[in-house]
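> Below are the sequence and a predicted model; questions follow.
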Amino acid sequence: MYSEDDLIQLSALQHLVFCKRQCALIHIEQLWSENVLTAEGKIMHEKVDTANKESRGNIRTEYGVQMRSLRLGLIGKADVVEFHKSPLVQGRGLKCA
């Protein structure tokens, strides 16, 4: 288990996967500058920042979901989370895919 002070931002994890240098500049060096790509990214994120939800069939989609896990050591806001309904198998529990 991690303490609240040791939690890593989900955005830092995303930056690390995309580019280790970018992650270090943003989250360690605290250096950030806007450019055309980041401005376009902000526009694309307008839907996820509204914190809405929608359902289609057996899938519920929620946008802008706040998350925190002391077990995983992560905290932040997920852009999109999909919840899939799993059918019960003869009353013996959930069917795992």
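Now that the structure is in, tell me what you want to look at.
> what comes into contact with stretch 71-79?
Counting by CB atoms under 8 Å, 6 or more residues apart in numbering, stretch 71-79 makes contact with 1-2, 6-11, 13, 45, 48, 63-69, all of which sit outside it. In this view, the C-beta of every residue, glycine as well, is placed from N, C-alpha and C.
> Distance from stretch 54-64 to the middle of the chain?
Averaging C-alpha coordinates over stretch 54-64 and over its chain gives two centres that are 15 Å apart (CA atoms, centre = their mean, to the nearest Å).
> can you check stretch 12-21 too?
Its chain's average C-alpha position is 13 Å from that of stretch 12-21, according to CA atoms, centre = their mean.
> And that stretch, what's buried?
Within stretch 12-21, the residues that qualify as buried by neighbour count (16 or more other CB atoms under 10 Å) are Ala12, Leu13, His15, Leu16.
> Next, work out how far apart the residue lying closest to the second one once chain neighbours are set aside and Glu40 are.
Across the structure, with CB to CB, 6 or more residues apart in numbering as the measure, the residue nearest Leu13 apart from its sequence neighbours is Leu74 (6.8 Å). Applying CB to CB, to the nearest Å, one obtains 26 Å for the distance of Leu74 from Glu40.
> name the helices or strands packed onto the helix or strand that contains Gln66?
With elements taken from DSSP states H and E, the one containing Gln66 is strand 59-69. Contact partners of strand 59-69 among helices and strands, from 3 or more CB pairs under 8 Å, 6 or more residues apart in numbering; DSSP states H and E: strand 53-56, strand 74-84.
> still on that earlier bit, quick one: which of Leu74 and Glu40 has more around it?
Neighbours of Leu74 and Glu40, each counted by other CB atoms under 10 Å, are more numerous for Leu74; the result is 17 against 10.
> where's that one relative to Leu7, distance?
As it turns out, when the distance is counted by CB to CB, Leu74 lies 6 Å from Leu7.
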